[in-house]
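Undergrad: Just the structure for this:
(chains A and B)
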Amino acid sequence: EAGVTQSPTHLIKTRGQQATLRCSPISGHTSVYWYQQALGLGLQFLLWYDEGEERNRGNFPPRFSGRQFPNYSSELNVNALELEDSALYLCASVGGTNEQFFGPGTRLTVL
Amino acid sequence: AQSVTQLGSHVSVSEGALVLLRCNYSSSVPPYLFWYVQYPNQGLQLLLKYTTGATLVKGINGFEAEFKKSETSFHLTKPSAHMSDAAEYFCASGGYNKLIFGAGTRLAVHP
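TA: Residues are numbered from 1 along each chain as shown, chains lettered A, B, ... in the order given. Model (predicted):
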């Protein structure tokens, strides 16, 4: 069974640009979570999507947004990039239990 | 609000020695508790989880944790450290809604 996949592995952008990160959950999982792991700030919850709807949102500005597609894959969009947005972005999916399975992450670098 | 505190950002042990990583949680209701491990440049891998039932939880790679409600703790232990255990460990609380992570403990294992 394939795990959670994320693309791209690395992404380099400049300040003010937009970044799009993608996540494919484990087959059969309908929920996708996004987390930001920034240096010195630990893992912070960003967004939760379930059945195509945004269910919960962490303490992040509106320029962090996303969506979930009918096949349950998800996109995270970060607009007007700032230097402090540089981080590892992790996606996780959940099936019938409370266990979140994590992908390998996308490392976003903002120059 | 839920919070998770990991005591000690860095722990160093000798190979073969006991590993003890501390985690305390705050929650108004009995939480779901998790320990994850993160190897360099990788995502998070679940070591073990506590939901309900037996308070001593056994996980992968010889790790176990004990849920102590009276102490609001969920410390992670392993009787004998191996070089391959060197990684960062995260304690988390929560469930289907989202996970709240501790700041992480970096475990170093020296010969």
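
Undergrad: end-to-end on stretch B:67-81?
TA: End-to-end distance of stretch B:67-81 (C-alpha to C-alpha, to the nearest Å): 21 Å.

Undergrad: Stretch B:100-111 now?
TA: Distances were taken as C-alpha to C-alpha; on that basis the terminal residues of stretch B:100-111 are 34 Å apart.

Undergrad: could you give me the average pLDDT of that stretch?
TA: Confidence over stretch B:100-111, taken as the mean pLDDT, stands at 94.

Undergrad: Same check on stretch A:88-97?
TA: Predicted confidence along stretch A:88-97 averages 87 (mean pLDDT).

Undergrad: out of everything not next to it in sequence, what's closest to A:Tyr89?
TA: In space, not counting the residues next to it along the chain, A:Tyr89 is nearest to A:Thr106; the distance is 4.9 Å by C-beta to C-beta, 6 or more residues apart in numbering or on different chains. The C-beta positions use only the backbone N, C-alpha and C, and glycine is treated the same way.

Undergrad: sorry, that was for A:Ala80
TA: A:Arg63 (5.2 Å).

Undergrad: Could you do A:His29 as well?
TA: When the adjacent residues along the chain are set aside, A:His29 lies closest to A:Ser93, with 3.9 Å between them (C-beta to C-beta, 6+ apart).

Undergrad: Wait, a strand at that neighbour?
TA: Yes: per DSSP: H, G, I helix; E, B strand; the rest coil, A:Ser93 lies within a strand segment.

Undergrad: how close does it get to A:Gln6?
TA: 11 Å (C-beta to C-beta, to the nearest Å).
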